[in-house]
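K.L.:
predicted model and sequence below, questions to follow.
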Amino acid sequence: MSRISLRAAAVLAMLAAGTLGHQPARADKPAMHAPEAQDFVHGSPDDPSDAWAIAAGGRIYDSWWDALDRPAPTETHPSYPATGKVSGKNSWRCKECHGWDYKGRNGRYATGSHATGIPGIDGAAGRDPQAIAKLLRAPLHGYTSEMISDVQLMNVAKFVSRGQHDIADVIDATSGKPKGDTERGKALFQTICAACHGFDGRLLNWGSADAPAYIGTEASKLPDEVFHKIRSSHPGAAMVNLRALPLKDAIDVLTYAATLPVK
Ligand code: HEC
Ligand code: HEC
């Protein structure tokens, strides 16, 4: 059996047995991880470190329902502009309005299919997390405690306050290429990422057989998105993140990842 169908079979078996972790299995979305990883993926340590909390917040910024194992919203976010091209659940992702580079209309989302004219969150770096959390409960954002609990909201507020990087340190503005050290990145990738993604990054494919999406594909096309995930992990997946390590390590990994096969 292929890896994919093995995974699908495992998920089906878990659904049938009702054993998808300690939370009830959700029929709308099969888990991207084994049941025993539920606590690592969606739970919290009893004594969370700052690095853990900020990375957890980064995954909420990415896709809060995948990060928190909640139902995704179905309606378009009331504050999402009518001129925008996105609708439904995706309009509720922080990244959709504020960008992977945190710069909103002043960054990569200045033009193209994600352009909305909404500013970034970079101006809120260093702000009191309590004030950020309050802003997210106010009507403009409208995140209820059923969507994101108070504790989880503090994690995303900490991410906004203390977890942002300056994309100019990561990606060269002129060439669009990551600015790190490929050889160091290779060492980090081969000893960490390859455990799950394979040495050439092609073991996990979140695209299709015809249009594969491997680490190499994404790192070449969407380096700002991949960098966010290297620093915070991918929501809903049992994946590691480099939040506790120096920023340079993540930049180097991205730089090597962008040299891997795209198909
Ligand atoms: C539907 C679009 C949309 C989504 C989704 C969204 N925001 Fe916003 N956000 C805005 C708008 C609009 C503003 C207000 C900008 C202004 O004041 O002119 C804003 C402002 C902010 C600010 C203040 C920026 C500053 O410089 O004062 C922060 C911080 C922020 N958002 C964080 C988040 C986070 C975290 C999430 C996800 C949990 C999120 N936003 C989701 C539209 C959105
Ligand atoms: C313990 C296993 C594991 C390790 C180690 C790991 N990953 Fe992942 N990663 C995953 C899983 C599982 C997914 C989800 C794949 C899917 O959507 O099917 C994923 C997804 C991703 C995605 C993006 C998915 C998307 O949909 O956009 C990127 C990028 C990524 N990983 C990069 C890395 C990098 C770089 C490293 C090393 C720093 C790494 N991963 C280490 C398991 C791992």
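P.N.:
Perfect, I can see it now. Just so you know, these numbers come straight off a predicted model, no measurement behind them. Ligands and ions are numbered 1, 2, ... in the order given.
K.L.:
what does this protein put close to ligand 2?
P.N.:
32, 192-193, 195-197, 204, 206, 215, 218, 226, 229-230, 234, 237-240, 242, 253, 257 (C-beta under 6 Å from any ligand atom). In this view, the C-beta of every residue, glycine as well, is placed from N, C-alpha and C.
K.L.:
please indicate which of those are buried?
P.N.:
The neighbour-count test (16 or more other C-beta atoms under 10 Å) applied to the residues of the chain next to ligand 2 identifies 32, 192-193, 197, 204, 215, 218, 226, 229-230, 234, 237-239, 242, 253, 257 as buried.
K.L.:
circling back to that earlier point, so which of the residues of the chain next to ligand 2 sit within helices?
P.N.:
Among the residues of the chain next to ligand 2, the members falling in helices (DSSP state H) are Ala195, Cys196, His197, Ile215, Glu218, Val226, Lys229, Ile230, Val253, Ala257.
K.L.:
list of residues touching stretch 109-127?
P.N.:
The contact list for stretch 109-127, computed with C-beta atoms under 8 Å, 6 or more residues apart in numbering, reads 80-81, 83-86, 94, 96-99, 101-108, 132, 160-162, 164, 166.
K.L.:
also stretch 229-241?
P.N.:
Outside stretch 229-241, the residues touching it (C-beta under 8 Å, 6+ apart) are 31-34, 37, 40-42, 54-64, 66-67, 69, 159, 163, 165, 192, 196, 242-243, 247, 250, 253-254.
K.L.:
make it 7 Å
P.N.:
32-34, 37, 40-41, 55, 58-59, 62-63, 66-67, 192, 196, 242-243, 250, 253-254 (C-beta atoms under 7 Å, 6 or more residues apart in numbering).
K.L.:
got a quick ChimeraX command for the buried subset of these?
P.N.:
To isolate the buried ones among these in ChimeraX, judged by 16+ other C-beta under 10 Å, type:
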select :32,33,34,37,41,55,58,59,62,63,66,67,192,242,243,250,253,254
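K.L.:
ok, back up a step: closest to Thr144 out of the ones in helices among the residues of the chain next to ligand 2?
P.N.:
Lys229 (26.2 Å; C-beta to C-beta).
K.L.:
which residues in this protein form helices?
P.N.:
3-17, 38-42, 50-68, 94-98, 129-137, 150-162, 182-188, 194-197, 215-221, 223-232, 247-257.
K.L.:
format those as a markdown table; extra columns: distance to ligand 1 and mean pLDDT.
P.N.:
As requested, these are arranged in a markdown table below (distance: least, C-beta to the nearest ligand atom, whole Å; pLDDT from 0 to 100):
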| stretch | distance to ligand 1 | mean pLDDT |
| --- | --- | --- |
| helix 3-17 | 28 | 44 |
| helix 38-42 | 17 | 96 |
| helix 50-68 | 6 | 98 |
| helix 94-98 | 3 | 98 |
| helix 129-137 | 5 | 98 |
| helix 150-162 | 5 | 98 |
| helix 182-188 | 28 | 98 |
| helix 194-197 | 27 | 98 |
| helix 215-221 | 22 | 96 |
| helix 223-232 | 13 | 98 |
| helix 247-257 | 20 | 98 |
